[in-house]
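Student: One predicted model, sequence on top.
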Amino acid sequence: MDALIPPAQQNELLRSLLGFLRVSGLVFLIVTPVITFMHVLRTYQWFDPLLEPIHRLFFWMKIRKESTVALLVGILFGIAYGGGVLMEEKQSGALNKRDALLVGVFLSLCHALIEDTLIFVAVGANLFVILFVRIAFAVLVLLLLARILSRKSSLS
């Protein structure tokens, strides 16, 4: 390795590798409990008591209560989980086109609030700035989209 990479670059490569391992460890320590918590909520059906308050919180989206599961899962645990739940509920008929569109757009803009935010905070970002900007932007876009959809009745 000495002949191929100069010593200064070896040191930089080693520092980069150690930095990568540190961040990977932090991600593992944050993501593993979140995934475990998600599994427990689903296994014991503890989502139900959470749905009504969450549904009331998102009244401005004018989505049905059935859409709240996908919304809650996506907000808390990420777009992969939320998108998977959204697809399951859409295929089962629990969601209409409008709700699926609104929840999908919202999750695209504002997903994994806990997981992503903790990861960014772990590497030095400001918790409140990240949360406020992400949520405010997603709400503004959804308010505009909901208004546009209320004028068009083709999505139901």
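Tutor: Arrived safely. Residues are numbered from 1 along each chain as shown.
Student: for the record, mean pLDDT for the lengthiest helix in the chain?
Tutor: Residue-count comparison of every helix in the chain, with assignments taken from DSSP state H, identifies helix 7-43 as the longest. The pLDDT scores in helix 7-43 average 84.
Student: Identify each buried residue in the next helix or strand after it, please.
Tutor: Scanning forward in sequence from helix 7-43 by DSSP states H and E, the next helix or strand is helix 48-57. Applying a neighbour-count criterion of 16 or more other C-beta atoms under 10 Å, the buried positions in helix 48-57 are 51, 54, 55. Heads up, the C-betas are built off the backbone N, CA and C, glycines and all.
Student: Kindly report the same for stretch 115-123.
Tutor: Residues of stretch 115-123 classed as buried by neighbour count (16+ other C-beta under 10 Å): 115, 116, 117, 118, 119, 121.
Student: For the first one, pull up the helix or strand it's in.
Tutor: Translated: residue 115. Assignment of secondary structure by DSSP H and E places residue 115 within helix 113-122.
Student: Alpha carbons of that helix, in CSV - could you do that?
Tutor: Once side chains and other backbone atoms are set aside, the C-alpha atoms of helix 113-122 remain, and they are given as CSV (Å, rounded to 0.1, in the frame of the first residue of the first chain):
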residue,chain,number,x,y,z
LEU,A,113,-39.0,13.5,11.0
ILE,A,114,-37.5,11.5,14.0
GLU,A,115,-35.0,9.3,12.2
ASP,A,116,-33.5,11.9,9.8
THR,A,117,-33.6,14.7,12.3
LEU,A,118,-31.7,12.7,14.9
ILE,A,119,-29.1,11.7,12.3
PHE,A,120,-28.6,15.3,11.3
VAL,A,121,-28.5,16.5,15.0
ALA,A,122,-25.9,13.8,15.7
